[in-house]
Every structure is written in C-alpha cells, then in structure tokens.
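Chemist: A predicted structure for the sequence below; I have some questions about it.
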Amino acid sequence: MEVRLHNTLGREIQVFNPINKSEVGLYCCGPTVYNYAHIGNLRTYVFEDLLRRSLEYAGYSVNHVMNVTDVGHLTGDEDDGEDKMEKSARETGKTPEEVAAFYTEAFFTDIDRLNIVRPKTACVATKHIGEMIALIKKLEERGFTYTSGGNVYFDASKFERYGEMALLDRQKLRNGARIEIDTNKKNPRDFVLWFTKSKFENHIMQWDSPWGKGYPGWHIECSAMSIKYLGDQFDIHCGGIDHIPVHHTNEIAQSEAASGKKWVNYWVHGEFLLMDKQKMAKSAGNFLTLQTLIDKGYEALDYRFFCLGGHYRSQLVFNFDSLDAARNARLSLNQRVSELKSEAEPVAAGNLTGRALEIMDKFSKDILNDLNAPKALASMWALLKDQDIAASEKLGAVLEMDRVLGLQLDKVESDSPELTKEEMALINQREAARASKDWAKADEARDKLLSMGIIVKDTANGSQWKKRL
Ligand code: AMP
Ligand code: ZN
C-alpha cells in the first residue's frame, strides 16, 4: 500500500519511498526526563505512534528509535539557561540520576497507558557519550568546529545548507535579527557541541574528552544516537514543530557535515496542543499530565481518542468539554463493539466483502494519505452505523482499523459495562492506592464501589469490574 507523508523538507506531501524496502528507519526525539511529560508532549508521541502503526499497517517493518535525554538539554534551546536535569535535581534535592530514573519510568508508564507501542530502541544519552565524542572529533577533523571560552562550537557558517529545512534567512540573521546571549559564539547560529568551561563549570555530570572534562550539547545526542542505531542515512525523523528552527536544523547540520551525505529523507513534524489558545508549556505553568486526567476520572485512551480527532498537522485546542466529547464517543464505540462481539465472530480482514470492504479501503486510503485520522474515524463511524453490513463484517473491519487507531478494541469484553466518570475515578483511585500498598484506602474505595453496585475483581491483568444486575 502506498504511503504519503508531508515532508518538512520541501513543505509538500510526498509518496514515501524507503531506502530499504523491507525495513523503515524511524527516529523520534524523545523526552528530557526532568519532569513529567505534559499532555502536549504526549500528543506528539501519539502522532508518532500513529505514524509507526500506519507504516506497519502498510506492510513495513519499522525500526523505531527514540532517545531519552538525561543531560545537556538547557532550559533555552539555544545554549542559554541551565541544564534542565541539574535544575530539577537542585530543586528536589535529588541527584540527576535519581531524577532521570524517576521520570523515565513515569514517561514509559504514560506511553503504555496510551497504548503507544514502545520504540525498538530507547537510547539514553549518558550511555552514549563515547559516540558523541567520536562524532565531534569527526566534525573537528573536517573543519566544522572551533573552541571558544573552553566550549567546542559548531561553526554554522561552514555548512552551506545551514537552515535550509527551516527556511532560515541567513542574511537577516547576520544583521542581528536575534538577541545574542553566548558571547563565545562567532555567529548567532553556532551551537555548542561540548561544554567544558563558561558558566556551566559547576555541572555535576561530567566526562573526560579530548577538549577537557565536560558534557555534550543536546543536539549532538540525537545525531550520535540515531546514526549509531539507524546509520548515516535513514528514512524518517519526527518531532514537534518547535524543533524545526533550532534542534532539527542543528542535527541536520552536524550529521551531514560529518558524513558529507544527505542524512534523513523525510522530516515529519506534529503541530502543538494548545491550552486556552496558548502553547502548553512547562515553563508557562499551565501544563496538565496524563495522571491529572486519570485522577479526574478519564481513561488514558480517552485522551488518545481526543488526539486522533485532530489532524497531526493542525493545532489542537485542549479543554475538558472536548475531552468529555471524546470520552462519550469512545464509550459508545466500545458499547457498539461490545454488542457486535456478543452477536458475531469477526470476519478476517482479508475476507471482507461489499460495503464493509469499500469502507475499509477508504479508511486505508485516508490514514495512509498523510495520516488523516479524523477522516479515518469518520469511516469507522460510517461502518458502525451502516444498517446493511453484517455484524461479523463490521466487527472484522473495526478490529482491523484498530490496528492503526490503537484504541484496544480487541480488549473490549462482550458484556463490559459503561462506567460514569465518578465510578471510573474511584476505580483509578483504588488502583493507585493498591500500587502504593495503601490497603486501607484501597478497601475503602472498593466498599464505596460496591455500594454503588460495582464489583471489582483483581486479576493478573489488572482490575476488572462488573455491574450488579
Ligand atoms: P521535550 O521533552 O520538551 O523535548 O518535548 C518532547 C516532545 O514534545 C518534542 O517532540 C516536542 O516538540 C513536543 N512538544 C512540546 N510541547 C508540545 C505541545 N504543546 N504540543 C505538542 N507537542 C509538544
Ligand atoms: Zn532530537
């Protein structure tokens, strides 16, 4: 099946042609583990999951690599501010390693709850310092670096195509379009590859290097690790649109300067989640986590469903009314699937016929045409509402669609009850209490649920519940 993707290189939708027909190389910029991911970050990971699942649906095997940044990402993307990890460690009285371990686990818990398929390789920056040093050495040998104030910088003026993807105007920049902070830089676009001295001298995490004890810049991490796991030429690189002008621009410059070759063929960027018309950001103090939504009685998959309702290249405004609408739509979807399961056995995807096959084809065309999830969801509803399609065909088709949508329709039981938000909140509270071994609180929640007519049972696969008739 043909896949079409919007490529930021060229700003157009292009037919996807992988370098190697059988396996696609996909690199996604991962979290900086100094705090919880906010639901804006998670929107980006849901979009990347949709991309991966769509490629697999189209028949490709995907070598999906994601970094975990635990050093070098400063509070400003352009070498200003301080290391986010060390700042968080100082504020919480923990070591950077403890901070990283805690938030890495929290991140993967969120990913699992959203039914995002984990990357084949999740590579941690502090475990790849050797690869970063080797890459900086290569850049040095090729004449792309200079040392100033003790730090090693990439000299953007030496890389002819600098800023091409971001459509940066080099001339304007030289004339001082930007406020310069780091006086060691020859040019505002230059960036740090390796920090040794300057204002970051007291950094806790430091490693030996040919340039002295220090630590890597954030951009070099992604280049070094993606090249290690995917080679110096691979298919797709993803992230949020905020990474286009600095992080990805710098990644391209250093990777292509080192190899002398084009690095990545398709750059796919997701738009932002907005809160009350503002960008959701940790620094703006207006960020929500997945756990906040769960504490309010939503399920993680309600948020996934909400994300699928917007095209990944459009901004999406978050508010609780829209999340309620997503939750209700998902409840009625689960209800429909539950009824279908009690009526019939699913037809295998390859054996669909007639109208079900037509709708399935439309679904595939839309999702593989630059991941049009809103149109794909519309096809799913058209299928479920169609009076003339047999239950077995409907069920077969909707389960096939769910390979891409990832709404865990395979897990819907034929008699699973619908719960209200309050009931769901109690179940979530009970699970949280059990996880922290607060048995008294867990029992209290169970008794309350019982008084509401809900029987909770603990199984190897987590809690299951039944409504008393
Ligand atoms: P960070 O942990 O800050 O490096 O961000 C992780 C990912 O989330 C990156 O791909 C960012 O581009 C993306 N991101 C950050 N803020 C938002 C937002 N408000 N909406 C969607 N994606 C975001
Ligand atoms: Zn990156």
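Modeler: Good, I have the coordinates. Ligands and ions are numbered 1, 2, ... in the order given.
Chemist: mind listing what Lys341 touches?
Modeler: For Lys341, the contact set (C-beta atoms under 8 Å, 6 or more residues apart in numbering) comprises Leu395, Val412, Glu413, Ser414. (C-beta placed from N, C-alpha, C; glycine too.)
Chemist: same check on Gly30?
Modeler: Met66, Asn67, Val68, Thr69, Pro119, Ala122.
Chemist: on the three-state scheme, it is what?
Modeler: Secondary structure assignment for Gly30 (DSSP: H, G, I helix; E, B strand; the rest coil): coil.
Chemist: any idea which element the nearest residue to it once chain neighbours are set aside lies in?
Modeler: Sequence neighbours aside, Met66 is the residue nearest to Gly30 in space, at 4.1 Å (criterion: C-beta to C-beta, 6 or more residues apart in numbering). Secondary structure from DSSP states H and E places Met66 in strand 61-68.
Chemist: likewise for Leu139?
Modeler: helix 129-141.
Chemist: neighbouring contacts of that helix?
Modeler: 145, 152, 154, 193-194, 207, 209-211, 216, 220-221, 223-225, 227-228, 254, 257-258.
Chemist: now do stretch 313-323
Modeler: 6, 39, 43, 269-277, 280, 288, 293, 296, 298, 302-303, 306-307, 309-310, 370.
Chemist: among those, name the ones in helices.
Modeler: Residues of the contacts of stretch 313-323 located in helices (DSSP state H): Ile39, Arg43, Leu293, Asp302, Tyr303, Phe306, Cys307.
Chemist: quick one, what contacts the closest residue to the fifth one other than its chain neighbours?
Modeler: The shortest distance from Tyr303 to any non-neighbouring residue, by C-beta to C-beta, 6+ apart, is to Leu293 (5.8 Å). With contact taken as C-beta under 8 Å, 6+ apart, Leu293 is in contact with Ile39, Ala300, Asp302, Tyr303, Leu323.
Chemist: which among the contacts of helix 129-141 end up buried?
Modeler: Among the contacts of helix 129-141, those that count as buried by neighbour count (16 or more other C-beta atoms under 10 Å) are 145, 152, 154, 193-194, 209, 211, 216, 220-221, 223-225, 227-228, 254, 257-258.
Chemist: any part of the strand holding Met66 near ligand 1?
Modeler: No - contact between strand 61-68 and ligand 1 is absent, the nearest approach being 9.5 Å (criterion: C-beta under 6 Å from any ligand atom).
Chemist: name the next helix or strand following whatever helix or strand Val337 lives in along the chain.
Modeler: In the assignment (DSSP H and E), Val337 maps to helix 320-343. Moving toward the C-terminus from helix 320-343, the next helix or strand (DSSP H and E) is helix 354-368.
Chemist: in terms of secondary structure, what does that next one contact?
Modeler: Here helix 354-368 touches helix 39-57, helix 373-385, helix 391-405, going by 3 or more C-beta pairs under 8 Å, 6 or more residues apart in numbering; DSSP states H and E.
Chemist: how about the residue in the stretch 201-350 of the chain that ligand 1 sits nearest to: what's its closest non-neighbour residue?
Modeler: Nearest residue of the stretch 201-350 of the chain to ligand 1, counting by C-beta to the nearest ligand atom: Gly240, 2.1 Å away. Closest residue in space to Gly240, ignoring its immediate chain neighbours: Thr44 at 4.6 Å, by C-beta to C-beta, 6+ apart.
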